[in-house]
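Enquirer: from the sequence below, what's the structure:
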Amino acid sequence: MNLTRLSVVFGLLMPSLSQGQSGFFDLQPISDITAPVLVGGGSIPTPVLKAAEIGPDTRFTLPVYDSEGNWQRDRQITAEDAWDEINDWTENTKRKYRRWGDEQVRSQTKWDSELGENVETILVPQDQDQKWKLNEQADKARREQPLRVIQPQRLSTAINQTAGNNSTFGVFRNGKFTSEGDNTKVKVDQNFSAGGFVFGKRISLVNQSTRSDSRSKTTVTDVKVLDKSVFVSRDGTVRGNKQFTRSIRKSKTFFVGLPISVGGTIAGTMGANFDYKADGLAFNGSVEPFVNVSGSADAGLNLLLVKAGVEGSLTFINNRVSAELDAALRGRTLTAALKVQNNQTLLKGRVSIFARIKRLFRGSKTFRKTLFTFGGIQNNTTLIDERLEERL
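Expert: Alright, predicted model coming up:
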């Protein structure tokens, strides 16, 4: 995890581009400098307060966000009123989870040797509506049967799947695989796409297709990563591995007693393996698109804190779809064969954020909130394995 040492600036925090330690964001009061502070998208120079200068009546400029975590305006508040608002948020959150009647907000107190005091920890579980949604998806995945279309001269199967919660982490996969022919032509048509959502932002990771039509005498394969073309072939014979490494980051503000800006990053490899040949009235070979992407998170803060950070790890998409395609007219015999295997692990893991606050004159408090936790959807399925031979 890349960590950033943050500086206390009138209650707002800005990165100073040096490393923190121990998996935490380490906040250090500094003095005798001028630091930039983001206010409504602009930057103004503001002197930094020493920790000793901050008292209950010290006034801070704090951001106000809408329900989507977007900045709306700034407001002035005293340090003492800020802690009262944090306490109000804590009680309201406890009441909300109590109404759901399932997992509850829990509180525990432990001795912190670093601070030399007892620290209360507030444990906020995953949002209940997200938990219910993920459980429904897991049940549906267990019940689902692969789509198989078998006609006298055509074999086909398809993938259409979504999982997760798009406001935090969600994934999608779509694909179609067809092998067909008649007494004048043979044709294969294969396409696959996979991507997801990170904090409400849609990301297309990979789009791959292979199409061959003997009538038009064309065979085309292309691969796109993050909506950019990375490989195109119009050759009848293609063999090899096309693999690409990418990462992308999105951010969103969450409330854990105070606003915390959380960045979500997905990174990994994606592409396809090819081994096929198209020649006249025959296409034979395999195409294997794959995605191996993990998710992670990092946190920045917008209030006077001691430590904050992110815990956990997430398998975003691990998916390999192996398609063996055969379509050929040999003499008066038409052959169509299609075997598609799907090996996947989607959204397995846990991501939570935490913030430990050294409260002015009132002791310290730690907040922990589970952003996402899911056992994942895992299976290794043969979507179709059929072979047709027809005398024309």
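
Enquirer: tell me the bridge partners for the nearest residue to residue 327 once chain neighbours are set aside.
Expert: Ranked by C-beta to C-beta, 6 or more residues apart in numbering and with sequence neighbours excluded, the top spatial neighbour of residue 327 is residue 186, at 4.0 Å. All C-beta atoms are positioned from the backbone trio N, CA, C, and that covers glycine. Residues in a beta bridge with residue 186, per DSSP bridges, are residue 181.

Enquirer: isn't residue 186 right up against residue 279?
Expert: No: applying C-beta atoms under 8 Å, one finds residue 186 not in contact with residue 279, separated by 10.6 Å.

Enquirer: looking at those two, which has the bigger crowd around it?
Expert: Neighbours per residue (other C-beta atoms under 10 Å) separate residue 186 from residue 279, with residue 186 holding more: 25 against 12.

Enquirer: ok, the more buried one - contacts?
Expert: With contacts defined as C-beta atoms under 8 Å, 6 or more residues apart in numbering, residue 186 is in contact with 180, 214, 281-283, 327-329, 334, 336.

Enquirer: if you set the cut-off to 10 Å instead, what comes out?
Expert: Applying C-beta atoms under 10 Å, 6 or more residues apart in numbering to residue 186 gives the contacts 153, 179-180, 212-215, 278, 280-283, 326-329, 334-336.

Enquirer: repeat that for residue 373.
Expert: With contacts taken as C-beta under 10 Å, 6+ apart, residue 373 has the following neighbours: 125-126, 130-131, 134, 312, 314, 347-352.

Enquirer: what stretches of this protein score poorly on pLDDT?
Expert: Low-confidence segments of the chain, defined by pLDDT under 70, span residues 1-55, 66-70, 300-307, 359-362.

Enquirer: right, and the helix or strand after the longest helix seen in it?
Expert: Looking only at the chain and at elements set by DSSP state H, the helix with the highest residue count is helix 79-100. Downstream of helix 79-100, the next assigned helix or strand under DSSP states H and E is strand 106-112.

Enquirer: re earlier: show the buried residues in the contacts of residue 373.
Expert: When neighbours are counted using 16 or more other C-beta atoms under 10 Å, those contain these buried positions: 125-126, 130-131, 134, 312, 314, 347-349, 351-352.

Enquirer: now intersect those residues with the helices, please.
Expert: Those of these lying in helices (DSSP H): 130-131, 134.

Enquirer: nearest to residue 369, of these?
Expert: Distance from residue 369 was checked for each of those by C-beta to C-beta. The minimum falls on residue 130, at 11.9 Å.

Enquirer: apart from its chain neighbours, what residue comes closest to that closest one?
Expert: Computed as C-beta to C-beta, 6+ apart, the closest residue to residue 130 that is not its neighbour in sequence is residue 165, at 4.7 Å.

Enquirer: residues near the one you found, how many?
Expert: Residues within reach of residue 165, counting by other C-beta under 10 Å, total 21.

Enquirer: ditto for the one 10 residues further on
Expert: The criterion is other C-beta under 10 Å. On that basis, residue 175 has 23 neighbouring residues.

Enquirer: so it versus residue 106, what's the distance?
Expert: Applying C-beta to C-beta, to the nearest Å, the value for residue 175 to residue 106 is 43 Å.

Enquirer: surely residue 151 and residue 338 touch.
Expert: No: with contact taken as C-beta atoms under 10 Å, residue 151 and residue 338 are classed as non-touching, separated by 11.7 Å.

Enquirer: emit the PyMOL select command for whichever of the contacts of residue 186 are buried.
Expert: To isolate the buried subset of the contacts of residue 186 in PyMOL, counting by 16+ other C-beta under 10 Å, use the following:
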select buried, resi 153+179+180+212+213+214+278+281+282+283+326+327+328+329+334+335+336
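
Enquirer: show only the entries of the contacts of residue 186 found in strands.
Expert: Among the contacts of residue 186, the residues falling in strands (DSSP state E) are 179-180, 212-213, 278, 282-283, 326-329, 334-336.

Enquirer: quickly list what's touching both of residue 151 and residue 338.
Expert: 180, 388.

Enquirer: give me the beta-bridge partners of residue 337?
Expert: Beta bridges link residue 337 to residue 326, residue 387, judged by DSSP bridges.

Enquirer: what about residue 192, distance to residue 283?
Expert: 17 Å.

Enquirer: for this structure, just list every one of the helices.
Expert: Taking DSSP H as the criterion, the chain carries its helices at 79-100, 128-143.

Enquirer: please render these as a markdown table that adds distance to residue 118 to the earlier fields.
Expert: Below are those laid out as a markdown table (distance: least, C-beta to C-beta, whole Å):
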| stretch | distance to residue 118 |
| --- | --- |
| helix 79-100 | 17 |
| helix 128-143 | 30 |
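
Enquirer: out of those, which comes closest to residue 389?
Expert: Of the helices of the chain, the one closest to residue 389 (C-beta to C-beta) turns out to be helix 128-143, at 33.6 Å.

Enquirer: tell me the buried residues in that closest one?
Expert: Neighbour counts using 16+ other C-beta under 10 Å place 130-131, 133-134, 137-138, 141 of helix 128-143 among the buried residues.

Enquirer: now that helix, how far from the chain's geometric center?
Expert: From the chain centre to the centre of helix 128-143 is a distance of 17 Å (C-alpha atoms, centre = their mean, to the nearest Å).

Enquirer: I'd like to know how many residues surround residue 73.
Expert: 9.

Enquirer: beta partners for it?
Expert: With DSSP bridges applied, the residues forming beta bridges to residue 73 are residue 64.

Enquirer: how far away is it from residue 259?
Expert: Note on residue 73: its distance to residue 259, by C-beta to C-beta, is 13 Å.

Enquirer: overlap in contacts, these two.
Expert: Residues within reach of residue 73 and of residue 259 at once, by C-beta under 10 Å, 6+ apart, are 63-65.

Enquirer: going by distance to residue 377, which of those wins?
Expert: Closest approach between these and residue 377, by C-beta to C-beta: residue 65, at 32.1 Å.

Enquirer: residue contacts, the closest one?
Expert: With contacts defined as C-beta under 10 Å, 6+ apart, residue 65 is in contact with 71-73, 252-255, 259, 261, 302.

Enquirer: I appreciate the help and will end here.
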